[in-house]
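Enquirer: with the sequence up front, the predicted model follows.
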Amino acid sequence: VFPLPTQSAPLNMAGLVADASASLVQSTTFGKIRQEFKPRIPTIVESLEGIEISTGPKTAAAGQAWEINRLFPETYGQPVVNIGNINVIDSNHSNHKSHVPQNSSTNIQFAKSDIKVSSAPLRVGVVMSGGPAPGGHNVITGLFDALKEMNEDSVLLGFTGGPKGVMINRYIHLTSDIVNQYRNSGGFDMIQSGREKMQSTQQLLASLKTVTEHNLDGLVVIGGDGSNTHAAKLAEFFATKKSKCSVVGIPKTIDGDLQNDLIEMSFGFDTAVKTF
């Protein structure tokens, strides 16, 4: 007889409580080394306290722009955003602060924005969608760490079993005890994934009800090209309903089909290429 999963216990892909197996992996020498490993992150986000936002030109579709604009009237044409940090030290050991940065690969000019990075506590949800890709757990741990760095009172909810978890309000509160068990580990066991799509009006309304009940400031969708397409539809729907919940898509795929001028590579692709 297996224990029934609860809202406070992470699940594995079979729907069983995953705490025990994660603890066993943690107890091995390799497991301890893996948990203590610190992945390299861009210098610009090593400290979030000095983050500054600058904006570039409005984004545009590569093709059928009129049709896409018609389908996404509330969210089409969002500006390109650049993240800077006034606390970054350059090679000459001087404070580097540029209000008009330039992307050398795309020649995009950015201007200082009035957008401020708030240190107020945030309530954020995260969901995995589609097939697994190496690095998924570290996306969640990075999100958790960033939220807690900005404000210890911020809350991260993990919707379990993929998009269906959002639609039926199935979730767990992600705590440091849970998150730390899965640092630097493979698989999508922390909150599972699924292939349901939030596309019908009923499904979109159910998702809106969930984020509203939890008073979420944002919902992070970790998925591939199809999942990010549906995340874009969800963002448009939320905008039409004047929801405060932002939708953020994280490019996840081993196929390498989410690459463009602004996305060098989706996580999971490099490992898949080198492994297979």
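Expert: Perfect, thanks for sending it.

Enquirer: when you work out contacts or count neighbours from here on, use the C-alpha atoms and nothing else.
Expert: Fine.

Enquirer: return the residues in contact with residue 224.
Expert: Neighbouring residues of residue 224 by Cα atoms under 8 Å, 6 or more residues apart in numbering: 129, 130, 251, 252, 253, 258.

Enquirer: could I get the buried residue list for the helix or strand where residue 32 lies?
Expert: Taking DSSP states H and E as the criterion, residue 32 maps to helix 29-36. When burial is assessed from 16 or more other Cα atoms under 10 Å, helix 29-36 yields the following buried residues: 31, 34, 35.

Enquirer: again with stretch 119-134
Expert: The neighbour-count criterion (16+ other Cα under 10 Å) identifies 122-134 as the buried residues of stretch 119-134.

Enquirer: check those and tell me the two furthest apart.
Expert: Greatest spatial distance among those (Cα to Cα): 122 and 131, at 28.2 Å.

Enquirer: on that earlier part again, of the contacts of residue 224, just say which sits nearest to residue 172.
Expert: Lowest distance from residue 172 to the contacts of residue 224 (Cα to Cα) belongs to residue 129, with 16.2 Å.

Enquirer: now the element after the worst-scoring helix or strand of the chain on mean pLDDT, going C-ward?
Expert: Ranked by mean pLDDT, DSSP states H and E, the weakest helix or strand in the chain is strand 102-103, scoring a mean of 52. Next helix or strand after strand 102-103 toward the C-terminus (DSSP H and E): strand 108-109.

Enquirer: what lies in contact with stretch 53-73?
Expert: Contacts to stretch 53-73, defined as Cα under 8 Å, 6+ apart, come from residues 76-84, 99-100, 108-117, 233, 236.

Enquirer: pLDDT below threshold where in the stretch 1-150 of the chain?
Expert: Within the stretch 1-150 of the chain, the segments meeting pLDDT under 70 span 1-26, 86-106.

Enquirer: what ranges do the strands span in it?
Expert: Assigned by DSSP state E, counting those that start in this stretch, the strands in the stretch 1-150 of the chain fall at 51-58, 79-85, 102-103, 108-109, 111-112, 123-128.

Enquirer: most tightly surrounded among these?
Expert: Most buried of those by mean neighbour count (mean count of other Cα atoms under 10 Å) is strand 123-128; its value is a mean of 25.

Enquirer: other SSEs contacting that strand?
Expert: In terms of contacts (3 or more Cα pairs under 8 Å, 6 or more residues apart in numbering; DSSP states H and E), strand 123-128 is packed against strand 155-159, helix 163-167, strand 218-223.

Enquirer: can you put those in CSV and add distance to residue 243 and mean neighbour count?
Expert: Shown next, in CSV, are the helices and strands packed on strand 123-128 (distance: least, Cα to Cα, whole Å; neighbours: other Cα atoms under 10 Å):
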stretch, distance to residue 243, mean neighbour count
strand 155-159, 18, 23
helix 163-167, 15, 24
strand 218-223, 10, 23
